[in-house]
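Student: next comes the sequence, and after it the predicted model I'd like to discuss.
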Amino acid sequence: MTNWRVPSRSLPYPPEASRFRVKGHGLRARMATYDRVVPGGSRAVVEAITDTVARAYLSKPILAATWYDLFSHALLDIAAADLLKIPAWESVAAASALQAEDDAAGIYSLLLRFVTPQTLIRKLGRVTAQYFDHGSVDVEKVGDKSARLTRHGIANQLYWWWDGILEGYVRALFGIAGAKNVVIRCGLLSSDAPDDPLGLGSFTVDVSWE
């Protein structure tokens, strides 16, 4: 079985043909994060993408209301990790945490205003639906201070990326909501086509806090 925790540096198909997309405002937010934390900013990150097709694709203006290829987004994140000289998963988690903080103060401030860890559980699905045009998130309360998220419909090749995204973004949102000592445990990928990069997979994310 292919180990989809290992980042891939190649696109499975042309970006314009993507079935897995992210909203432009999310991609722009990631670029803004890299402007803050990467020497040379987002321009340097785009120029460092090794896949020439993805590099050309992300060199064009990014429009907030337009949908963009998620595999190209992942290659952007890998390039940023290379420049920062840290593992890709660690870089994605850190960037996602910063993006969550910005979202809570900006684009999702009304949605997340006065939220508690318990009410945040009910809102996580709505937040992710604002970013992605595929798959879904089921969220269930497990205990007074624990919950389980199940992310469905991801591409196997992007499992490592989703793992990092949810580790950083969810941890940050729960911290913003007042949770202490947040623990995130991402489960194993489950897929009906485990060796197909475009196979549809799902995995759980267990969250607990004090």
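Tutor: That came through fine. Residues are numbered from 1 along each chain as shown.
Student: list the buried ones in the helix or strand of the chain with the lowest mean pLDDT?
Tutor: When the helices and strands of the chain are scored by mean pLDDT, DSSP states H and E, helix 117-129 comes last with a mean of 80. Of the residues in helix 117-129, those with enough neighbours to count as buried (16 or more other CB atoms under 10 Å) are Pro117, Leu120, Ile121, Lys123, Leu124, Val127, Thr128. C-beta: built from backbone N, CA, C; applies to glycine.
Student: residue furthest from the geometric center of this structure?
Tutor: Here the centre of the chain is the reference, and by CA atoms, centre = their mean the most remote residue is Asp144, at 26.3 Å.
Student: what separation is there between it and Ala179?
Tutor: The spacing between Asp144 and Ala179, counted by CB to CB, to the nearest Å, is 12 Å.
Student: closest to Asp35 among the buried residues of helix 117-129?
Tutor: For the buried residues of helix 117-129, the minimum distance to Asp35 (CB to CB) is 22.8 Å, reached by Val127.
Student: element containing the closest residue to Ala29 other than its chain neighbours?
Tutor: Sequence neighbours aside, Gln99 is the residue nearest to Ala29 in space, at 5.2 Å (criterion: CB to CB, 6 or more residues apart in numbering). Using DSSP states H and E, Gln99 sits in helix 88-105.
Student: tell me the mean pLDDT for that helix?
Tutor: Along helix 88-105, the predicted confidence averages to a pLDDT of 92.
Student: repeat for stretch 152-163
Tutor: In this model, stretch 152-163 has a mean pLDDT of 97.
Student: before we move on, the earlier item: just the buried residues of helix 117-129 now: which is nearest Ala81?
Tutor: Relative to Ala81, the closest of the buried residues of helix 117-129 is Thr128; by CB to CB it sits at 22.5 Å.
Student: any idea which helix or strand comes after the helix or strand harbouring Tyr169?
Tutor: Following DSSP H and E, the helix or strand that holds Tyr169 is helix 159-176. Downstream of helix 159-176, the first helix or strand assigned by DSSP H and E is strand 183-186.
Student: which residues of this structure score low on pLDDT?
Tutor: 107-108, 110-114 (pLDDT under 70).
Student: list the contacts of the host helix or strand of Val22.
Tutor: Mapping Val22 onto the secondary structure by DSSP H and E places it in strand 21-23. When contacts are taken as CB atoms under 8 Å, 6 or more residues apart in numbering, the neighbours of strand 21-23 outside the stretch itself are 64-70, 73, 130-134.
Student: return the subset of these lying in helices.
Tutor: With helices identified by DSSP state H, the entries of the contacts of strand 21-23 that belong to them are Leu70, His73.
Student: which one of the contacts of strand 21-23 is nearest Ile49?
Tutor: Looking across the contacts of strand 21-23 and measuring by CB to CB, the closest to Ile49 is His73, at 10.7 Å.
Student: next, count neighbours for the residue nearest to the closest one when sequence neighbours are not counted.
Tutor: With CB to CB, 6+ apart as the measure, Val22 is the residue that lies nearest to His73, at 5.4 Å, once sequence neighbours are left out. Burial of Val22 is recorded as 21 neighbouring residues (other CB atoms under 10 Å).
Student: ok, now Val37?
Tutor: Counted with other CB under 10 Å, residues neighbouring Val37 total 15.
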